[in-house]
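1. 3D model of this:
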Amino acid sequence: MSTELQLVLFLLAGAIVMFSLGRPRTDVVALMMMAVLPFTGAIDIGDAIAGFSDPNIVLIALLFVIGEGLVRTGVAQRLGELIVRHAGDSETRLIVALMTVVAIVGSVMSSTGVIAIFIPVVLRICRSSGIAPGRLMMPLSAAALVSGMMTLVATAPNLVVNAELIRDAHQGFQFFDFTPFGVIVLIVAIGYMLIARRWLATGATTHGPSSQPRLADWIHDYALAARAYRVRVREDSPLVGRAASELEDDELKGLLVLAVEQPGRFGRTLLSSPMGARVSAGDALLLDIQDPRVDSVMLFRGLRVEPLPLSGSYFSGYTNDIGMAEMMIPANSPLVGATARQARLRARHELAVIGLKHGRNAEVRNVGDERFEIGDTLLVAGPWAVIRALGSGPSRLILLGLPAEFDDVAPAAARAPFALLILLATIAMMVTGIVPNVHAALIGCLLMGAFGCVDLRSAYRAIHWPSLVLIVGVLPFSIALQRTGGVDLAASVLLGAVGEASPRVVLAALFFVTAVLGMFISNTAVAVLMAPVALALADHMGASPQAFAMTVALAASTAFMTPVSSPVNALVVGPGGYRFIDFIRIGTPLAVLVMVVTVALVPLFFGF
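-> Predicted coordinates for the structure are as follows:
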């Protein structure tokens with residue numbers, strides 16, 4: 001063993017110890033290794049920082065942006081709601097549904113891409129359900145890794161192993177040759193995670209129930225529920241052709257028009273800034289009748305409008321468009337002594353005063369005619385964009401609080417169809433290989449920006465830089481181990497140790513070595529190095545090369561054991577609040593189970 005290899009192994013052991021202790025932070029450890037490895041002589045500084053130009057690193061960053069586009073347009077939220085709807089209040093059903101969906105989606109795109117897209121989905125589920133992210137993030141990463149076992153194109157190691165088979169004049173794998181193994185491993189992984197979840201993190205990093213008030217709390221406190229109406233405007237209605245701002249002064253006096261629903265290209269479009277909009281036949285108006293003296297039946301009959309079903313209590317089903325906030329009137333505000341009508345907040349700020357508190361008691365009468373006093377609390381409703389800018393205008397209102405739902409607002413919800421089409425187009429480019437994966441993701445990001453699904457600020461904010469630095473910092477070890485002969489040494493030891501053993505023992509040893517190497521170098525590099533070894537073993541034993549090649553491919557995706565085994569694991573460390581030891585405790589038994597499944601099933605499908 002050369003001195004260079006000894007130094008590399010010493011640094012690798014030191015990095016593993018620091019990772020396991022959690023001190024310093026994992027990305028700091030990665031930067032330290034990048035700085036120290038060149039002193040071993042195995043690599044130079046160019047090799048140490050080469051990860052920053054690695055296409056896979058760029059791909060991960062781009063997929064974070066695509067995932068943000070799905071979040072901002074509400075696609076991720078709807079997907080999470082779909083999973084939760086089928087799972088109900090059961091954490092068991094939630095884990096089953098989440099892992100199944102992730103494995104299916106990951107069967108046609110990279111596992112790192114799946115993780116980048118589903119992390120926001122899981123965080124939303126955690127916020128809404130009160131489940132600690134640590135309970136779901138590791139099942140998420142496990143399912144993403146298992147997705148690599150589903151199809152030929154699911155992950156790069158599968159393609160590497162298949163190419164080695166063909167290069168060695170053997171028949172390659174078909175698209176679905178991996179599927180039986182992947183399905184069975186997924187079932188085993190789901191069952192295991194349902195048992196192992198009791199040992200998953202539940203504390204420090206949580207996104208559970210917020211201390212912020214929820215919309216339901218304000219609807220109850222201000223007695224709003226009975227005031228909400230949704231009506232469709234008939235062709236013979238006197239409202240047709242009128243602007244919403246005019247209606248509140250004339251036909252709809254005593255009412256507030258919170259939004260106008262109009263037919264759009266992709267279903268109905270909600271105009272949450274309705275004051276300048278002109279009403280057309282067939283439009284739906286979202287109305288707040290503040291004055292309890294108004295007879296809604298008689299009013300609607302005279303205006304020739306038809307009542308429609310309402311989604312959620314007091315428009316709580318429209319939270320992507322209609323926001324609420326509590327404001328306080330300070331002593332220096334010009335609103336002191338004025339009424340809501342006199343303050344003209346609707347005309348100036350597009351905000352409707354829908355609730356008022358003198359002290360702790362909410363007014364349930366017509367708040368539009370109540371005079372504001374110093375220290376009064378106003379509940380206002382309007383577009384989220386306006387609410388975000390509250391407090392900066394001449395009214396000098398003080399923002400007291402935003403609802404918990406504010407964190408889940410999709411500011412570009414109207415762009416959801418475009419986001420879905422862009423995602424499908426990106427996946428199609430990756431599956432067909434028209435362009436390299438990183439090129440497809442770059443095109444997808446640019447399209448997300450061009451169609452308004454993301455903006456520059458949200459795109460940069462979406463990238464989880466500590467995770468990328470961690471991955472970049474670990475990549476130099478792969479180069480150093482290959483150049484110093486560390487990987488060749490491991491392969492030669494395997495050939496010498498199991499060359500005469502029974503086929504199943506050889507498969508188990510091959511799986512074990514591949515999985516262990518995958519703890520320290522990328523799974524693609526492991527596949528490149530171990531595929532020739534597997535075919536050499538098969539040739540030596542006169543066994544099926546496909547059986548040994550499949551074993552390497554499945555083992556390369558069995559990267560459950562450390563957070564640096566795969567970018568998939570590295571990406572969930574922060575959101576899940578995990579330590580290095582958590583992956584060893586939970587991932588090692590799962591890796592053993594996958595090895596047992598592989599050794600048992602591969603001979604049944606490919607023989608010896």
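2. got the contact list for residue 591?
-> 515, 558, 560-561 (C-beta atoms under 8 Å, 6 or more residues apart in numbering). Bear in mind the C-beta positions are built from the backbone N, C-alpha and C, glycine included.
3. A strand includes it, no?
-> No. Using DSSP: H, G, I helix; E, B strand; the rest coil, the assignment for residue 591 is helix, not a strand.
4. where's it relative to residue 600, distance?
-> Counting by C-beta to C-beta, to the nearest Å, the separation of residue 591 from residue 600 is 15 Å.
5. before we move on, what about residue 402?
-> From residue 402 across to residue 600, the span is 55 Å (C-beta to C-beta).
6. so the two - more neighbours on which side?
-> residue 402 (19 against 12; other C-beta atoms under 10 Å).
7. what about residue 343, how many neighbours?
-> Here the number of neighbours of residue 343 (other C-beta under 10 Å) works out to 22.
8. find the nearest non-adjacent residue to it, please.
-> residue 335 (5.1 Å; C-beta to C-beta, 6 or more residues apart in numbering).
9. what's the longest strand in this structure?
-> strand 255-264 (DSSP state E).
10. pairing partners for it, with directions?
-> For strand 255-264, the pairing partners within the sheet under DSSP bridges are strand 267-271 (antiparallel), strand 284-289 (antiparallel).
11. by mean pLDDT, show me the worst of those strands.
-> Across those, strand 267-271 has the smallest mean pLDDT, namely a mean of 61.
12. quick one: the strands in this protein?
-> If DSSP E is used as the criterion, the strands of the chain fall at 228-233, 255-264, 267-271, 284-289, 305-307, 322-328, 352-358, 361-362, 377-383, 398-401.
13. which residues sit against the fifth one?
-> Yep, that's strand 305-307 we're talking about. Contact with strand 305-307 is made by 229-234, 237, 239, 285, 300, as judged by C-beta under 8 Å, 6+ apart.
14. just the residues you listed now: which is nearest residue 386?
-> residue 285 (19.4 Å; C-beta to C-beta).
15. bridged to that closest one, which residues?
-> residue 231, residue 260.
16. now it: how far from residue 294?
-> 15 Å.
17. more crowded one of those two?
-> Neighbours per residue (other C-beta under 10 Å) separate residue 285 from residue 294, with residue 285 holding more: 24 against 16.
18. which residues touch that one?
-> Contacts of residue 285 by C-beta under 8 Å, 6+ apart are 230-231, 233, 239, 244, 257, 259-261, 279, 305.
19. so which of those residues is the closest to residue 586?
-> Of all the contacts of residue 285, residue 586 sits closest to residue 259, with 47.1 Å by C-beta to C-beta.
20. please name the nearest non-neighbouring residue to the closest one.
-> Once flanking residues are discounted, residue 259 sits nearest to residue 286: 4.3 Å by C-beta to C-beta, 6+ apart.
21. around that neighbour, count how many other residues there are.
-> Using other C-beta under 10 Å, residue 286 has 27 other residues around it.
22. can you check residue 214 too?
-> Residue 214 is flanked by 14 other residues according to other C-beta under 10 Å.
23. how about residue 314?
-> Applying other C-beta under 10 Å, we find 26 residues neighbouring residue 314.
24. for residue 217, see how far away it is.
-> In this view, residue 314 and residue 217 are 12 Å apart by C-beta to C-beta.
25. mind showing which ranges of the stretch 1-150 of the chain have poor pLDDT?
-> For the stretch 1-150 of the chain, the stretches with pLDDT under 70 are 19-20, 22, 76-77, 80-81, 84, 88-89, 108-110, 113, 128.
26. could you find the closest non-adjacent residue to the spatially most central residue of the chain?
-> In the chain, the C-alpha nearest the mean C-alpha coordinate belongs to residue 120, at 2.5 Å (C-alpha atoms, centre = their mean). Distances taken as C-beta to C-beta, 6+ apart place residue 71 nearest to residue 120, at 4.5 Å, with adjacent residues excluded.
27. show me the contacts for that neighbour.
-> By C-beta under 8 Å, 6+ apart, residue 71 lies in contact with 77, 120, 124, 410, 462.
28. and it, how far from residue 315?
-> Residue 71 is 23 Å from residue 315, by C-beta to C-beta.
29. rewinding a little: tell me the spacing between the residue nearest to the centre of the chain and residue 200.
-> 20 Å.
30. and the gap between residue 179 and residue 367?
-> 62 Å.
31. one more: residue 417?
-> Using C-beta to C-beta, we find residue 417 at a distance of 38 Å from residue 367.
32. now residue 308
-> Taking C-beta to C-beta, one finds residue 308 at 25 Å from residue 367.
33. neighbour count for the two, which is higher?
-> Remark: of residue 308 and residue 367, residue 367 carries more neighbours, 22 against 14, as counted by other C-beta under 10 Å.
34. got a list of what that one touches?
-> Residue 367 makes contact with 290, 340, 353-356, according to C-beta under 8 Å, 6+ apart.
35. let's see 10 Å
-> Applying C-beta atoms under 10 Å, 6 or more residues apart in numbering, we find residue 367 in contact with 222, 290-291, 339-340, 352-357, 378-379.
36. only whichever of these are buried, select them in ChimeraX.
-> To isolate the buried ones among these in ChimeraX, judged by 16 or more other C-beta atoms under 10 Å, type:
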select :222,290,339,340,352,353,354,355,356,357,378,379
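37. among the contacts of residue 367, which one sits closest to residue 48?
-> Residue 48 has its nearest neighbour among those in residue 379, at 56.6 Å by C-beta to C-beta.
38. what's the pLDDT at the spatially closest residue to that closest one that is not a sequence neighbour?
-> Distances taken as C-beta to C-beta, 6+ apart place residue 355 nearest to residue 379, at 3.0 Å, with adjacent residues excluded. pLDDT for residue 355: 85.
39. wait, residue 355 sits on residue 217?
-> No. Counting by C-beta atoms under 10 Å, residue 217 is not a contact partner of residue 355; they are 11.7 Å apart.
40. residues near residue 169, how many?
-> 7.
41. so how far is residue 552 from it?
-> According to C-beta to C-beta, residue 169 and residue 552 sit 18 Å apart.
42. contacts only, for the nearest residue to residue 288 once chain neighbours are set aside.
-> Nearest residue to residue 288, sequence neighbours excluded (C-beta to C-beta, 6+ apart): residue 256, at 4.1 Å. Taking C-beta under 10 Å, 6+ apart as the contact definition, residue 256 lies against 227, 244, 248, 286-290, 340, 346, 352-354, 368, 381.
43. kindly report the same for residue 486.
-> So residue 486 contacts 1-2, 4-6, 8-9, 12, 42, 477-478, 480, 517, 520-521 (C-beta under 10 Å, 6+ apart).
44. and for residue 39?
-> By C-beta under 10 Å, 6+ apart, residue 39 lies in contact with 7, 11, 45.
45. the first one and residue 28, how far apart?
-> This points to residue 7. Relative to residue 28, residue 7 is positioned 21 Å away (C-beta to C-beta).
46. mind checking which of these two has more residues around it?
-> Neighbour count, other C-beta under 10 Å: between residue 7 and residue 28, residue 7 has more, with 18 against 15.
47. can you give me the distance of the closest residue to the more buried one other than its chain neighbours to residue 527?
-> Using C-beta to C-beta, 6+ apart and skipping residues adjacent in sequence, the residue nearest residue 7 is residue 40, 4.1 Å away. For residue 40, the distance to residue 527 equals 26 Å [C-beta to C-beta].
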